[in-house]
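Colleague: okay, sequence plus prediction incoming.
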Amino acid sequence: MRQRAVPVPPCMDTMPASATRSLPPPLFWWPGPGARPSGHDRARSCPSSSRLRRFFPPRLRHSGGSGPVHLHADSLDLVMDVGGVPVRHRDPDEDHVLIQCVHGPASGGASFLVEAYRFVDDCRAADPELWEFLTGADVDLYGAWAPQLRGLPAAPRVARHVEYTRTGRRIVRRADGVVPLHRDPAAPQVLAMLDRLAKTVRTLEDGLPRFTPAEGGILLLDNYRCRHGRDAHTGERAVRILTLRTSDAR
Ligand SMILES: [Fe+2]
């Protein structure tokens with residue numbers, strides 16, 4: 001299927017056309033105050049208000065110099081006890097994410113994106129064993145993070161890297177918290193495939209075009225379809241992150 005050209009943010013004007021063409025289509029970019037996206041771009045990329053179901057608490061993330069953040073899709077299973085009432089702060093089915101650049105770093109920190117659907121489809125021919133793992137093996141999505149989150153999430157979140165919602169949307173997951181299921185007899189193979197996936201993704205990352213978000217600019221991503229990451233940076237960097245769920249999730 002032929003893909004429509006992706007809107008090019010002003011900061012990407014100097015990028016070669018071949019680089020901007022490789023950006024995933026479910027991308028919406030608002031360059032910042034004073035700019036207005038076209039109605040066409042907004043309608044194509046943004047979930048309509050009638051499809052919005054839930055916003056999760058926005059978070060401001062500061063980093064004062066950091067290594068790279070590798071390709072991933074945002075999601076987490078996080079429920080907090082607030083005055084005795086369980087309150088969901090993050091959801092494994094956050095199917096869209098908005099990322100606003102609040103303060104750019106002194107150097108580095110360029111962003112990159114990839115269309116995960118295409119990655120999986122290409123993987124079927126390029127590495128059938130990895131494709132079988134992504135589409136057929138159950139894993140614990142956030143198990144590696146549990147000890148760092150004061151015991152959360154308490155229950156394993158069992159899922160596959162590639163799944164479909166009841167409405168037929170494809171979910172392609174990628175996170176650093178994935179571990180084999182508890183007492184899974186296939187754990188050694190699962191660990192080997194997770195390592196292979198990580199190496200494949202790192203190799204892919206190296207060839208992706210980079211772009212530098214302008215302060216105030218907002219990136220809206222289809223979190224089921226895209227993976228995002230950024231390079232290492234020096235100096236303070238801050239982004240505001242808002243995840244949400246639409247009626248297409250689950
Ligand atoms: Fe992220």
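Modeller: It's in.
Colleague: distance check, the closest residue to residue 114 other than its chain neighbours against residue 95.
Modeller: Counting by CB to CB, 6 or more residues apart in numbering, residue 227 is the residue found nearest to residue 114 once chain neighbours are left out, at 5.2 Å. Quick note: C-beta positions are derived from backbone N, CA and C, even for glycine. Residue 227 is 14 Å from residue 95, where distance means CB to CB, to the nearest Å.
Colleague: so what's residue 212 up against?
Modeller: By CB atoms under 8 Å, 6 or more residues apart in numbering, residue 212 lies in contact with 11, 104, 109-111.
Colleague: just the closest of the residues you listed to residue 66, please.
Modeller: Nearest to residue 66 out of the contacts of residue 212 is residue 109 (CB to CB; 8.1 Å).
Colleague: neighbours of that closest one, how many?
Modeller: For residue 109, the neighbour count with other CB atoms under 10 Å is 24.
Colleague: that one reaches residue 230, doesn't it?
Modeller: Yes. Using CB atoms under 8 Å, residue 109 is in contact with residue 230, at 5.6 Å.
Colleague: which SS class is the closest residue to residue 162 other than its chain neighbours?
Modeller: Once flanking residues are discounted, residue 162 sits nearest to residue 135: 4.5 Å by CB to CB, 6+ apart. Under DSSP: H, G, I helix; E, B strand; the rest coil, the three-state class of residue 135 is helix.
Colleague: about what we covered before: of the contacts of residue 212, which pair is most distant in space?
Modeller: Greatest spacing in the contacts of residue 212, by CB to CB: 11 and 109 (12.5 Å).
Colleague: the longest helix in the chain is where?
Modeller: The residue-count maximum for a helix in the chain (DSSP state H) belongs to helix 187-206.
Colleague: let me know the helix or strand that residue 163 is in.
Modeller: Per DSSP states H and E: residue 163 is located in strand 162-164.
Colleague: quick one: contacts for the residue positioned nearest the centre of the chain?
Modeller: In the chain, the residue lying closest to the centroid (CA atoms, centre = their mean) is residue 73, at 2.1 Å. By CB under 8 Å, 6+ apart, the contact set of residue 73 is 116, 172-175, 223-224, 226-228.
Colleague: then residue 120?
Modeller: Here residue 120 is in contact with 131, 134-135, 162, 172 (CB under 8 Å, 6+ apart).
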